[in-house]
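Trainee: Provide a 3D model corresponding to the input given below.
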Amino acid sequence: MALIETDNLWKTYVMGAEEIHALRGVTVSIERGEYVAIMGPSGSGKSTLMNLIGCLDTPSKGTYSLNSKQVGEMDDDELARIRNEEIGFVFQTFNLLPRATALHNVELPLIYAGVPAKTRVERANQALEMVELADRKSHRPNEMSGGQRQRVALARALVNNPSILLADEPTGNLDSKTGVEIMNLFGRLHEAGNTILIVTHEPEVAAHAHRAIHIRDGQVEKDVRRAA
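Mentor: Okay, here's the model as predicted:
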């Protein structure tokens, strides 16, 4: 059984008298350990698909199973647990707490999960080491560059050892050199065994992935695997 399995996934928004179909029957299967880019122009439905995979939204029709569990059958508590422990999120805008240190920002998911303080600090330190930022752990976001802030966000996403790392335009707010550094870091995380999904409209970012699922008008236009 695949790690991520969607079957005929639809997402429809009702705007007044109009129905907008953001997704129109998307069926994809992603194995554990894959490195996948979800590509498409603005408005294609790629962010909607990511929100469904990340359990941030629910489909209008169709089914989604994560780790062999039907997401549609989960209650709010189970969904919250999945979002906190099974999925690591990385956003274009970093989403860090401005007054908190790097270490405390990374600790946050562990606080929500009720992990004891000593273990939290150990695991947050380990996550910062993984993204090569241990020397900045007492710095606040405004004392760091964009690339360093994105590394903190990555460490926070990794701290719960999630099944999937979901990244939405992770280099969107970075200069090209820093963007390459972050993508190289994703490559190392994939080699370490992480399953990675990156939503992007940039071909040079998608080129780092081993597979690209192209979404257009809410449907899978093509699904391309890169030769190993």
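Trainee: okay, now the closest residue to N194 other than its chain neighbours: neighbour count?
Mentor: Leaving aside its sequence neighbours, N194 sits nearest to L165 (Cβ to Cβ, 6 or more residues apart in numbering; 5.3 Å). In short, each C-beta sits where N, CA and C put it, glycine included. Neighbours of L165 under the rule other Cβ atoms under 10 Å: 22.
Trainee: Do I have it right that L165 meets A192?
Mentor: No - if you go by Cβ atoms under 8 Å, L165 and A192 don't touch, sitting 10.8 Å apart.
Trainee: and the residue nearest to N194, that one's in a helix?
Mentor: No - going by DSSP: H, G, I helix; E, B strand; the rest coil, the assignment for L165 is strand, not a helix.
Trainee: separation between it and E19?
Mentor: Applying Cβ to Cβ, to the nearest Å, the value for L165 to E19 is 33 Å.
Trainee: Check which residues of stretch 172-189 are buried.
Mentor: In terms of neighbour count (16 or more other Cβ atoms under 10 Å), stretch 172-189 has its buried residues at 173-174, 178-180, 182-183, 185-186, 189.
Trainee: whoops, I mixed them up, stretch 148-162
Mentor: In stretch 148-162, counting by 16+ other Cβ under 10 Å, buried: 148-160, 162.
Trainee: Show the contacting residues for the most centrally placed residue in the chain.
Mentor: Nearest to the mean C-alpha position of the chain, counting by Cα atoms, centre = their mean, stands L166 at 1.2 Å. By Cβ atoms under 8 Å, 6 or more residues apart in numbering, the residues touching L166 are 50, 53-54, 87-90, 157, 197, 199.
Trainee: M39 now?
Mentor: Contacts of M39 by Cβ under 8 Å, 6+ apart are 46, 200-201, 203, 206, 212-215.
Trainee: would a markdown table of those with pLDDT be doable?
Mentor: Listed next are the contacts of M39 as a markdown table, based on pLDDT from 0 to 100:
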| residue | pLDDT |
| --- | --- |
| K46 | 92 |
| T200 | 92 |
| H201 | 88 |
| P203 | 91 |
| A206 | 93 |
| A212 | 96 |
| I213 | 96 |
| H214 | 96 |
| I215 | 96 |
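Trainee: Understood, closing this out.
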